[in-house]
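Chemist: coords please:
(one chain, ligands or ions: 1)
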Amino acid sequence: MNFELTEEQNLLRDSVRRMMDDIATADYIREHDEQGLYPYEVYDQWVEMGLLGLPFPEEFGGYDGNVLDMVIVGEELGRKGYDFLGAYALSVFNALNILRHGSEAQKKQYIPQVINGDIRMSISMTEPDAGSDAGNMRTTAVREGDDWVISGQKLFSTAADAKNNVINLYCKTDTTVPYQKGISLFMVPYDTPGVEIRRLKTLGRRMLGTNEIFFNNVRISDEMRIGEVNEGWDCMLSGLLLERVVTTAGYAGNAQTVVDQALAYAKERKQFGKPIGNFQAIAHMLADMQTKVDASRMLMLRAASKMAKGEKALREVSQAKLFGSETFAEVANMGMQIMGGYSYMMEFDMQRHYRDARSTTITAGTSQMQRNLIANTMGLKVK
Ligand SMILES: Cc1cc2nc3c(=O)[nH]c(=O)nc-3n(C[C@H](O)[C@H](O)[C@H](O)COP(=O)(O)OP(=O)(O)OC[C@H]3O[C@@H](n4cnc5c(N)ncnc54)[C@H](O)[C@@H]3O)c2cc1C
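Modeler: Below is the predicted model of the structure:
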């Protein structure tokens, strides 16, 4: 399999890397992480560069990029911290759902607004009793004339409280049918009357933050429904592989930064009269870390290449997601060990990588759910 980038893709990678180096400085990230501030300035720069338009057709103001272009951007944004990729992915992937399932009027109205930064998007699936088992959700939307009235509670809605956000809300529109049937997708602007958003206190991922949301008889027009009534589950599944592979690219980017920072520290820090990197115990840890990060990157590129050719890639994407997230968490843990007591101080970045990495085996489908998916592609029947 050939993973050579084209000249345009090399240019894309270099320009995104330069832009992120310029704006997402260590001080900027530290301040935003510590204070739980959304990185608006960085997002605005992506808008300026046209990054939000990458996967959309030209007719809506996009650039017709493919999955390989997307993983290049994903990896570069992730290098500075996984949360950056999160902010990008939330807007782009939810807007791609509009492209796939929205009406012509919705596409014309909302896709350009996402590309030019007028609105951003978040997703609300998870509820207190519906996590991995998302189909068990209880939030309802009931039809009243031309409107829908929404009631219920969502949990872990990342960046839902960011300025000009539109919540992409999955909820039940038919409670009489079992499980994933009877779910529909709605766009709910975050400041709609009756929407109450509360920031959760979390270990990491603090720039974007994640929230619980209460929907207290929220009234929205039927024009805000994406796709057919009761077919929201298909909307959610239709973009899943792209979302997971780009997310995995973000893990690889952030994991590589962990290795780079641990390596630089191991060359610099002296104990017993020599750099700690000269101790075999530390050198071998770094060798293992780089090997695993390279392997996770190769799995991610293999999955993306198959998808770019239009081939089925459920197993490959699940393997890349599983290995990429577990590698990220593992190398961040080793990075903490290599940097000793300094890793535990808030002014060093390793603690942030460690905190952020820990979420990745849980979000976007837990490691256990990825193993279930992989096992099922091997002819087993796991639920
Ligand atoms: C930082 C962060 C950001 C998030 N952002 C969002 C967001 O923006 N929008 C959103 O909708 N959600 C979001 N989530 C929620 C996330 O998707 C869920 O946490 C995840 O789906 C797991 O659900 P749960 O936490 O309820 O765990 P549970 O589903 O209760 O799982 C608990 C444990 O049981 C295991 N388990 C469950 N079912 C099975 C099974 N069938 N086989 C084997 N093991 C199983 C799991 O793997 C896990 O180890 C976010 C979560 C976090 C932590």
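
Chemist: helices of the stretch 151-300 of the chain, start to end?
Modeler: For the stretch 151-300 of the chain, the helices defined by DSSP state H, counting those that start in this stretch occupy 232-238, 240-268, 280-308.

Chemist: return the most buried member of those.
Modeler: Each of those was scored by mean neighbour count; the highest is helix 240-268, a mean of 23, by mean count of other CB atoms under 10 Å. Using the backbone N, CA and C atoms, a C-beta is placed for each residue, glycine as well.

Chemist: and it, how far out from the chain middle?
Modeler: How far helix 240-268 lies from its chain's middle: 14 Å, per CA atoms, centre = their mean, to the nearest Å.

Chemist: swap in stretch 338-353?
Modeler: A distance of 24 Å separates the centroid of the chain from that of stretch 338-353, by CA atoms, centre = their mean.

Chemist: stretch 50-70 too?
Modeler: Counting by CA atoms, centre = their mean, stretch 50-70 is centred 17 Å from the centre of its parent chain.

Chemist: what's the answer for stretch 346-365, then?
Modeler: 13 Å.

Chemist: that older thread, now mean pLDDT and distance to Asn66 too, for the helices of the stretch 151-300 of the chain, in a markdown table please.
Modeler: Formatted as a markdown table, the helices of the stretch 151-300 of the chain follow (pLDDT from 0 to 100; distance: least, CB to CB, whole Å):
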| stretch | mean pLDDT | distance to Asn66 |
| --- | --- | --- |
| helix 232-238 | 93 | 17 |
| helix 240-268 | 98 | 10 |
| helix 280-308 | 98 | 5 |
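
Chemist: can you tell me which of those helices is nearest to Arg205?
Modeler: helix 240-268 (11.4 Å; CB to CB).

Chemist: so which elements touch that closest one?
Modeler: With contacts taken as 3 or more CB pairs under 8 Å, 6 or more residues apart in numbering; DSSP states H and E, helix 240-268 sits against helix 67-79, helix 82-101, strand 274-275, helix 280-308, helix 314-338, helix 350-358.

Chemist: which of the ones you listed sits most buried?
Modeler: Greatest average neighbour count among those goes to helix 67-79 (a mean of 26), per mean count of other CB under 10 Å.

Chemist: tell me the mean pLDDT for it?
Modeler: Averaging pLDDT along helix 67-79 gives 98.

Chemist: helix 82-101 and that one, what's the angle between them?
Modeler: Interaxial angle, helix 67-79 versus helix 82-101 (axes from the mean of the first three to the mean of the last three CA atoms, to 10 degrees): 150 degrees.

Chemist: ok, residues contacting helix 67-79?
Modeler: With contact meaning CB atoms under 8 Å, 6 or more residues apart in numbering, helix 67-79 is reached by 5, 9, 12-13, 16-17, 20, 51, 54-55, 84-85, 88-89, 92, 242, 245-254, 256-257, 297, 300-301, 304-305, 307-308.

Chemist: rerun at 6 Å
Modeler: Residues outside helix 67-79 that contact it (CB atoms under 6 Å, 6 or more residues apart in numbering): 9, 12-13, 16-17, 54-55, 84-85, 88, 246, 249-250, 252-254, 257, 304, 307-308.
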